[in-house]
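Asker: build me a model:
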Amino acid sequence: MSKKSLIACICTTLVVVLLFLAYFAGLFGRKTVEVEPISTEYHRQYIGDFIENNGHVYQYNTDLTNILFLGIDTEDTLNRFTNPAYAGQSDAIYLLTLDRSNNEARFLQINRNAMVDIDIFDPDGNVMLTMPGQICLQYAYGTGSAQSVWAAKKSVSNLLFDIPIDSYFVMNLEGINTINDAINGVYITMPQDYTVIDSSMRQGARVHIIGNLAERFVRYRDINEFNSVADRMERQVLYIEALLENFSQGSTYDFYYAIEPLFDDVILTNLDWHGFDELTNYNYHNCRVDALPGEEVATDNWEEFHVDNDALEQYVIENFYVLSE
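Answerer: Numbers count the residues shown, from 1 in each chain. From the prediction side, this is the model:
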């Protein structure tokens, strides 16, 4: 295999990986879907913006490209109209940041329970009201397809102090196992006991994640256990790392044509083949996976993740801005 093919393979994986690490698997809208505001005001120029912090002036780093990954907890087709509240929740939210200046990549895990302002839309796509809610609900309270994608992008961007989000991948529940099996699964050494998921997943055991084990490993959580979301996100990171290792030994060509039948049924994305090819320029080995700063809090009815906005602002400045001369 050529070096180019090898890198393309890794990167194509990366892209799909994150997608289904979120209970995803399901419906890929094949062509570019332009996500534009329907009736809300959200036209803002971020690139080149300056911000001031602690007496210093910073400028947005224009060498960065940000790609949002959403895993939607539905088996229904994503490229369809739905009444608000029924489009499905974003149970996995990741932001991939690519830096053209050094060809490095990093991920930011965004807790599904992070509390933000949620826009509630009517069936015509107009915002009826805005209220506090878990960020996973924003996709659901759109009208599905491109409009829900746009609303979720807006919500994540707002959370991260209005950084731009250039591209997106959205995937539903149906295809996790199919995509995993297309690469003959992955091998993961269990850092702790996960026999509640499968009896083979004892601490220290090296397990071949194949068939329905893939969906169970990346989706399972005990809803009766406080902050079980954190444990699931840790397993998703384990899966990402294993997937990248697996793809370094595979064929991009074989993988692409193995998953092509899922296109038009499983994914919504605005990346075309050239966008995929661009991803091959970046190094994904030992890439950082950062977590949203804050704490999980139990309420009477559900869990909420309260973001530490001061820490998050510092994170955004350090990772998305450069000191202005």
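
Asker: which residues in the stretch 151-300 of the chain form helices?
Answerer: 176-182, 213-219, 228-247, 252-259, 273-278 (DSSP state H, counting those that start in this stretch).

Asker: let me see the mean pLDDT of the last one.
Answerer: Which is helix 273-278. Throughout helix 273-278, pLDDT has a mean value of 72.

Asker: run the chain-centre distance for stretch 302-315.
Answerer: 18 Å (CA atoms, centre = their mean, to the nearest Å).

Asker: quick check: end-to-end length of that stretch?
Answerer: 27 Å (CA to CA, to the nearest Å).

Asker: follow-up on the earlier one: go through the helices of the stretch 151-300 of the chain and name the closest to Leu98.
Answerer: Closest approach to Leu98 among those (CB to CB): helix 273-278, 8.3 Å. Using the backbone N, CA and C atoms, a C-beta is placed for each residue, glycine as well.

Asker: now for the helices of the stretch 151-300 of the chain, which one comes closest to Ser145?
Answerer: helix 273-278 (19.4 Å).

Asker: looking at this structure, which helix or strand is least sure?
Answerer: strand 28-29 (a mean of 30; mean pLDDT, DSSP states H and E).

Asker: can you list contacts of the helix or strand following that one?
Answerer: Using DSSP states H and E, the helix or strand that follows strand 28-29 in sequence is strand 50-53. For strand 50-53, contacts defined as CB atoms under 8 Å, 6 or more residues apart in numbering pick out Val57, Tyr58, Gln59, Phe161, Glu313, Ile317, Tyr321, Ser324.

Asker: for stretch 172-186, buried residues please.
Answerer: 172-180, 182-183, 185-186 (16 or more other CB atoms under 10 Å).

Asker: got it, and stretch 198-218?
Answerer: Result for stretch 198-218 [16+ other CB under 10 Å]: buried residues Asp198, Met201, Val207, Ile209, Leu213, Ala214, Glu215, Arg216, Phe217, Val218.

Asker: so the second one touches Pro191, yeah?
Answerer: No - look at Met201 against Pro191 with CB atoms under 8 Å: they stay out of range, at 10.5 Å.
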